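**Student:** need a 3D model of the following:
(one chain, ligands or ions: 3)
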Amino acid sequence: MTYGQPFVGTDSGPELLRQAGLRKMLSALGWRVEDVPDLEFEALQLSEKSGTFEGNAKNHKLVGAGCEMLANAVEKTLKQKRFPLILGGDHSIGMGSLAGILRAQPETGVIWIDAHADLNTPALSESGNMHGMPVGMLMEGVAPDHRQIPGLEWLADGPRLSPDSIVYVGLRDVDPAERRLIQSLDIAAYTMHEIDRYGIGQVMEMALDHLCAKNPNRPLHLSYDIDAVDPVLAPATGTTVRGGLTFREAHYVAEAVAYTGNLASAEIVELNPSLSCGEGAEATVELGLQLITSFMGKSII
Ligand SMILES: NC(=[NH2+])NCCC[C@H](N)C(=O)O
Ligand SMILES: [Mn+2]
Ligand SMILES: [Mn+2]
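**Tutor:** Ligands and ions are numbered 1, 2, ... in the order given. Take a look at the predicted model:
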């Protein structure tokens with residue numbers, strides 16, 4: 001998926017992770033792997049007609065149709081009691097992942113690792129880029145009437161994400177409308193400021209406690225936007241923001257989530273190797289693979 005933001009290249013993320021040895025790594029951790037081929041968004045492009053929707057959501061038909069396919073795949077995988085590991089693609093796919101997850105397991109708690117809150121809607125967004133909307137489009141009290149948005153009608157009657165069922169970690173670039181929502185809905189947000197103040201260990205303890213205190217067996221979904229990591233380490237992504245997670249902080253987050261034993265699904269998004277030449281692109285993919293390894297259960301000893 002590349003249609004949720006302006007740059008080409010995010011669609012090569014899955015293939016580069018495969019080439020970097022994803023399958024072998026998962027097998028070594030003891031997973032039985034079924035590698036499902038990439039969803040075909042190119043074919044959808046042909047059926048794209050100019051929409052009647054006047055709101056601010058670029059490529060809403062393409063993003064919507066792609067997310068519908070992903071939602072169905074994720075829902076089916078979870079209902080088979082299997083673990084969907086979702087490879088992006090830009091973060092607009094989070095809409096599809098969340099929709100499918102909430103249909104299969106509505107009690108899921110979501111851990112959103114990101115420099116951004118992705119809490120916009122077509123009415124709120126300043127950019128119109130749908131990779132800034134996956135949380136807003138699913139959240140109770142924020143989500144728009146999807147019947148009005150061509151491509152997203154399928155989302156109209158699905159379950160919504162409750163504001164107390166998500167935690168953010170790593171935020172440092174939040175739009176004014178998003179900030180107001182985080183405050184008014186009292187969403188748990190551990191920004192880079194809290195990470196500096198308390199350290200990543202305590203932040204993850206607070207974040208996981210927020211989601212799991214009342215229900216220790218609650219399934220968890222991890223949405224890992226690679227731009228949460230500092231751009232010195234992960235330059236190959238479309239919306240870099242300075243002052244991000246260090247190498248160890250980024251891994252600690254993944255390890256702490258794996259350690260709960262409750263992780264039921266995960267996605268990694270926004271790898272865009274075409275935005276950084278040579279070494280930077282390779283390093284970003286390599287880091288992505290290492291983070292997947294950590295949240296899929298690799299322990300140091
Ligand atoms: N998944 C991302 N990288 N999102 C960036 C979003 C940036 C900005 N808040 C927007 O809505 O346009
Ligand atoms: Mn981001
Ligand atoms: Mn994001």
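
**Student:** ends of stretch 41-55, what's the gap?
**Tutor:** From its first residue to its last, stretch 41-55 covers 22 Å (CA to CA, to the nearest Å).

**Student:** now do the same contact list for the most centrally placed residue in the chain.
**Tutor:** Note on the chain: the residue nearest the mean C-alpha position is Ser223, at 3.5 Å, using CA atoms, centre = their mean. Ser223 makes contact with 91, 94, 97-98, 110-114, 134, 266-267, 269, according to CB atoms under 8 Å, 6 or more residues apart in numbering. In short, each C-beta sits where N, CA and C put it, glycine included.

**Student:** one more pass at 6 Å, please.
**Tutor:** Residues in contact with Ser223, defined by CB atoms under 6 Å, 6 or more residues apart in numbering, are Gly94, Trp112, Glu267.

**Student:** among those residues, which are within reach of ligand 3?
**Tutor:** With CB under 5 Å from the ion as the criterion, those include none near ligand 3.

**Student:** tally of neighbours for the residue nearest to Val269 when sequence neighbours are not counted?
**Tutor:** Nearest in space to Val269, with sequence neighbours left out and distances taken as CB to CB, 6 or more residues apart in numbering, is Gly88 at 3.2 Å. Burial measure for Gly88: 30 neighbouring residues, criterion other CB atoms under 10 Å.

**Student:** now Thr260
**Tutor:** Using other CB under 10 Å, Thr260 has 17 neighbouring residues.

**Student:** likewise Lys298?
**Tutor:** Neighbours of Lys298 (other CB under 10 Å): 16.

**Student:** cool, and Val135?
**Tutor:** 30.

**Student:** where exactly do the helices run in the stretch 101-250 of the chain?
**Tutor:** 134-138, 176-184, 192-198, 200-212, 247-259 (DSSP state H, counting those that start in this stretch).

**Student:** mean neighbour count, those helices: which tops it?
**Tutor:** helix 134-138 (a mean of 28; mean count of other CB atoms under 10 Å).

**Student:** counting contacts, what elements does that one pack onto?
**Tutor:** helix 93-104 (3 or more CB pairs under 6 Å, 6 or more residues apart in numbering; DSSP states H and E).

**Student:** check whether the helix it packs on comes near ligand 2.
**Tutor:** No. Judged by CB under 5 Å from the ion, helix 93-104 makes no contact with ligand 2; its nearest approach is 10.2 Å.

**Student:** CA atoms of that helix as PDB?
**Tutor:** Output in PDB follows, covering the C-alpha atoms of helix 93-104 (Å, rounded to 0.1, in the frame of the first residue of the first chain):
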ATOM      1  CA  ILE A  93      -3.500  -0.200   6.300                       C
ATOM      2  CA  GLY A  94      -3.900   0.100  10.100                       C
ATOM      3  CA  MET A  95      -7.600   0.800   9.200                       C
ATOM      4  CA  GLY A  96      -7.900  -2.600   7.700                       C
ATOM      5  CA  SER A  97      -6.000  -4.400  10.400                       C
ATOM      6  CA  LEU A  98      -8.000  -2.700  13.200                       C
ATOM      7  CA  ALA A  99     -11.300  -3.300  11.500                       C
ATOM      8  CA  GLY A 100     -10.500  -7.100  11.100                       C
ATOM      9  CA  ILE A 101      -9.100  -7.400  14.600                       C
ATOM     10  CA  LEU A 102     -12.100  -5.700  16.300                       C
ATOM     11  CA  ARG A 103     -14.500  -8.000  14.300                       C
ATOM     12  CA  ALA A 104     -12.600 -11.100  15.500                       C
END
